[in-house]
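[1] return atomic coordinates for the entry below.
(one chain, ligands or ions: 2)
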Amino acid sequence: MIQQIYPQVQHSYQFELNKDMHISAAHYIPHDDAGKCQNVHGHTYFVNLTIAGDDLDDSGFLVNFASLKKLVHKRFDHTILNDHSELFSNQDPDYFPTTEGIARVIWEVVQKELDTKANKPKCVQVFVRETPTSYVVFRPKQKGRQE
Ligand SMILES: Nc1nc2c(c(=O)[nH]1)N=C([C@H](O)[C@H](O)COP(=O)(O)OP(=O)(O)OP(=O)(O)O)CN2
Ligand SMILES: [Zn+2]
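    Ligands and ions are numbered 1, 2, ... in the order given. As a prediction, this is how the structure comes out:
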C-alpha cells in the first residue's frame, strides 16, 4: 500500500473505487507570492482518484483501474506541468499548476473521459499530495443529485 490515509467523500452511490498513483513531474508557480516555488522544481506527486457510480460496464468494472492510470499517469509523469498549455496557464491563477490547480485539472481530465462511458461513473474526489506536508482535495459541486 502506498498511502494509508484517505479523506472520505460522502455520496450515496453503491460502488466506489479508488486508484492510487505516483507522478514524477516538475512545475513552477508564475507569481511573486510563490517565492522559491517560482523556480522550476520537481515533486513525486501522490494522486488518489475516487470514482463512484451505481452501474457497472460490460466488463463488470465501474471503470478499469488501468484506464485511469493511463489517462493521468501516462499524460503527466516525467513532464513539466506548465508545458501542458492545453490544461494549465501561466496567466490565469485558476489554472496555475498549484496543487489546487493540478487537482482540479486532473478531475476535469478524468470526468471528461468518464462522461463518454455508458454506465456514467462520477469522479467524486481527487486527492493530490505534493510534499510530505502538503496536500489538496478537490471535490466537484454536485448538480441535481441529493448526496
Ligand atoms: N496553497 C498552496 N501553497 C503552495 C503551493 C500550492 O500548490 N498551493 N505550492 C508551493 C510550492 O510549489 C512547494 O513545492 C510546496 O510548498 P511547501 O509545502 O511549503 O513545501 P516545503 O517542503 O517547503 O514545506 P515544509 O513546511 O518545509 O514541509 C508553495 N505553497
Ligand atoms: Zn512545487
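[2] and Ser24, what element?
    Here Ser24, judged by DSSP states H and E, is contained in strand 15-27.
[3] then the helix or strand following that strand to CSV, C-alphas only?
    Next in sequence after strand 15-27, counting helices and strands by DSSP H and E, comes strand 41-53. What follows is strand 41-53, C-alpha atoms only, in CSV (Å, rounded to 0.1, in the frame of the first residue of the first chain):
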residue,chain,number,x,y,z
HIS,A,41,11.4,22.3,-9.2
GLY,A,42,10.1,18.7,-9.0
HIS,A,43,7.9,16.6,-6.9
THR,A,44,6.7,13.0,-6.7
TYR,A,45,3.0,13.7,-6.5
PHE,A,46,0.8,11.1,-4.9
VAL,A,47,-2.7,11.1,-6.6
ASN,A,48,-5.8,9.2,-5.4
LEU,A,49,-8.9,9.2,-7.6
THR,A,50,-12.2,8.3,-6.2
ILE,A,51,-14.8,7.1,-8.7
ALA,A,52,-18.4,6.3,-7.8
GLY,A,53,-21.5,5.0,-9.6
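[4] for strand 41-53, packing partners?
    Under the contact criterion of 3 or more C-beta pairs under 8 Å, 6 or more residues apart in numbering; DSSP states H and E, strand 41-53 touches strand 15-27, helix 65-76, helix 99-114, strand 122-131. Any C-beta I mention is one placed from the backbone N, CA and C, and that applies to glycine too.
[5] and the last one, what's buried?
    Pointing back at strand 122-131 there. Judged by neighbour count using 16 or more other C-beta atoms under 10 Å, the buried positions of strand 122-131 are Lys122, Cys123, Val124, Gln125, Val126, Phe127, Val128, Arg129, Glu130.
[6] direction included, what does it pair up with?
    Using DSSP bridges, strand 122-131 pairs in its sheet with strand 41-53 (antiparallel), strand 134-138 (antiparallel).
[7] any chance of the ones you listed in JSON lines with mean pLDDT, distance to Asp20 and mean neighbour count as columns?
    Listed next are these as JSON lines, based on pLDDT from 0 to 100; distance: least, C-beta to C-beta, whole Å; neighbours: other C-beta atoms under 10 Å:
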{"stretch": "strand 41-53", "mean pLDDT": "98", "distance to Asp20": "5", "mean neighbour count": "19"}
{"stretch": "strand 134-138", "mean pLDDT": "96", "distance to Asp20": "13", "mean neighbour count": "16"}
